[in-house]
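Trainee: Make a model of this:
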Amino acid sequence: MLFQTLRLNDRAVNGWPGTSEGVQLRTTTPPVPELEDPAANLQALIRARASTDGTPSTVWWTGDAYAQEPGSRARHLFGFVGFNVARAIEVDGGWDLLTREAAFYLDPGTREIIDTWSNPWTQREVEILHVWNDPVNQEFRVQNPWGPWHAPYTDLGRTIAFNLDIPIAAPSALPVDDWPDNSASDTYVAMELFQFFADRSELLDSAAASAHCDVSWTRMSQWLPWMGMGQRPGNMVFHCRGAKLDAWEELPAAVRERVLAQHPEYAEAPTSPSGPNETSWSYFKRMRGSSVSADPTPSTPSWSPHP
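Mentor: Predicted coordinates for the structure are as follows:
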């Protein structure tokens, strides 16, 4: 049965405006006038995701990665922690978001960064290739070939949530004939599900450069190349949450130490565009192959993080 409305006690929604008898939630919420104009909608998203004054922003996330196989219960493989450093630059007709990101696979029990993994399917000890994606840039334009810009959102009362659901299917950077142990298919298939929960008053303040923002990210994708799973049926599910930090130095100590020891440039956001975008698939090929392939994700706007 599809319920069109749901009534909750005020206390259950933590101060959402309502009466003592409860508040009525609906399957859709009324539009927010300040977010209906394409340019204003885009600027609000930039305010949530980064900052409109060009200062760098750090988004941190943590969560877990699971394996799904047909007919089997999901298996908890890794913890996962990472960050993205971004700088938004206003350009003619919109914004460029210049970013780089790093993320690390964790022991699911101790939550410590690990560099090798015993594959329970192949019985092989494999070297983990952590995420070092530089750059991960996006171009956001008020007018696009597919129409005016409009990031979908939901008014939650104290916060407004932008939801960005990104299906991906494109030629893989790792063709099966060339990478039989590391590629699930000649077509790279994934689904990225992002939510940005921004403080309502800050988000709608056009004079504010940035709004406090919490994030949620779910990803469904093929086996990671370094796992050595070949074309075995199944897929990965990442489930993470995090927040935009006040400073890069607020990242967990283990993350900061790894970055400063191996790639200190990840402590700063890019200052100018570069390309092509890096992903775990193109990075794997660059580290273990003889040439670099184009980014397997489409050239339309993407949303960080991208393992």
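
Trainee: what are the pairing partners of the helix or strand that contains residue 188, and which direction each?
Mentor: Per DSSP states H and E: residue 188 is located in strand 187-199. Sheet pairing of strand 187-199 (DSSP bridges) gives strand 159-171 (antiparallel), strand 213-221 (antiparallel).

Trainee: Quick one: end-to-end length of stretch 266-276, please.
Mentor: 17 Å (Cα to Cα, to the nearest Å).

Trainee: next one: it to chain centre, how far?
Mentor: 17 Å (Cα atoms, centre = their mean, to the nearest Å).

Trainee: Now it: buried residues?
Mentor: Buried positions in stretch 266-276, judged by neighbour count with 16 or more other Cβ atoms under 10 Å: 266, 267, 269, 270. Using the backbone N, CA and C atoms, a C-beta is placed for each residue, glycine as well.

Trainee: now swap in stretch 52-69 and tell me
Mentor: 52, 56-67.

Trainee: Need the winner for burial among the strands paired with strand 187-199.
Mentor: For the strands paired with strand 187-199, the largest average neighbour count (mean count of other Cβ atoms under 10 Å) is found in strand 213-221, namely a mean of 21.

Trainee: ok, and what's touching that one?
Mentor: Identification of contacts with strand 213-221 by Cβ atoms under 8 Å, 6 or more residues apart in numbering yields 48-49, 59, 61, 63, 159, 189-199, 235-244, 305, 307.

Trainee: Determine the next helix or strand in the C-terminal direction from it.
Mentor: Sequence-wise, the next helix or strand downstream of strand 213-221 (DSSP H and E) is strand 235-245.

Trainee: Which of the buried residues of stretch 266-276 fall in strands?
Mentor: Using DSSP state E, no member of the buried residues of stretch 266-276 sits in strands.

Trainee: about what we covered before: any chance of the strands paired with strand 187-199 in TSV, plus distance to residue 183?
Mentor: Supplementary listing: these in TSV, determined by distance: least, Cβ to Cβ, whole Å:
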stretch	distance to residue 183
strand 159-171	11
strand 213-221	12
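
Trainee: Throw those strands into a markdown table and include mean pLDDT, thanks.
Mentor: Below are the strands paired with strand 187-199 laid out as a markdown table (pLDDT from 0 to 100):
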| stretch | mean pLDDT |
| --- | --- |
| strand 159-171 | 97 |
| strand 213-221 | 98 |
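
Trainee: any idea which helix is longest in this structure?
Mentor: Using DSSP state H to define each element, the chain has its longest helix at helix 38-49.

Trainee: send the alpha carbons of that helix over as CSV?
Mentor: Taking Å, rounded to 0.1, in the frame of the first residue of the first chain, the C-alpha atoms of helix 38-49 are listed here in CSV:
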residue,chain,number,x,y,z
PRO,A,38,18.1,28.0,-12.4
ALA,A,39,20.9,30.4,-11.5
ALA,A,40,19.9,30.6,-7.9
ASN,A,41,19.5,26.9,-7.6
LEU,A,42,23.0,26.3,-9.0
GLN,A,43,24.5,28.9,-6.7
ALA,A,44,22.8,27.3,-3.7
LEU,A,45,24.2,23.9,-4.6
ILE,A,46,27.7,25.5,-4.9
ARG,A,47,27.1,27.1,-1.4
ALA,A,48,26.3,23.7,0.0
ARG,A,49,28.9,21.7,-1.8
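
Trainee: For residue 77, find the nearest of the strands paired with strand 187-199.
Mentor: Residue 77 lies closest to strand 213-221 among the strands paired with strand 187-199, at 13.0 Å (Cβ to Cβ).

Trainee: Correct me if wrong: residue 40 contacts residue 32.
Mentor: No: using Cβ atoms under 8 Å as the test, residue 40 is too far from residue 32 to be in contact (9.8 Å).

Trainee: related to what we said a few turns ago, could you give the separation of the longest helix of the chain from the chain centroid?
Mentor: With Cα atoms, centre = their mean, you get 17 Å for helix 38-49.

Trainee: what residues does it touch?
Mentor: Residues contacting helix 38-49 (Cβ under 8 Å, 6+ apart): 34-35, 52, 57, 59, 86, 88, 94-95, 97, 140, 142-143, 148-151, 153, 162, 196, 198, 202-204, 206, 208-211, 213, 244.

Trainee: about what we covered before: which one of the strands paired with strand 187-199 lies closest to residue 125?
Mentor: For the strands paired with strand 187-199, proximity to residue 125 was assessed by Cβ to Cβ; strand 213-221 is nearest, at 23.0 Å.

Trainee: got the angle between the closest one and strand 235-245?
Mentor: With axes from the mean of the first three to the mean of the last three Cα atoms, to 10 degrees applied, the angle from strand 213-221 to strand 235-245 works out at 170 degrees.

Trainee: Wait, residue 86 touches residue 135, no?
Mentor: No: in this structure, residue 86 is not within contact of residue 135 by Cβ under 8 Å, at 10.4 Å.

Trainee: Determine the residues that are contacts of both of those two.
Mentor: Taking Cβ under 8 Å, 6+ apart as the contact rule, residue 86 and residue 135 both touch 98, 99.
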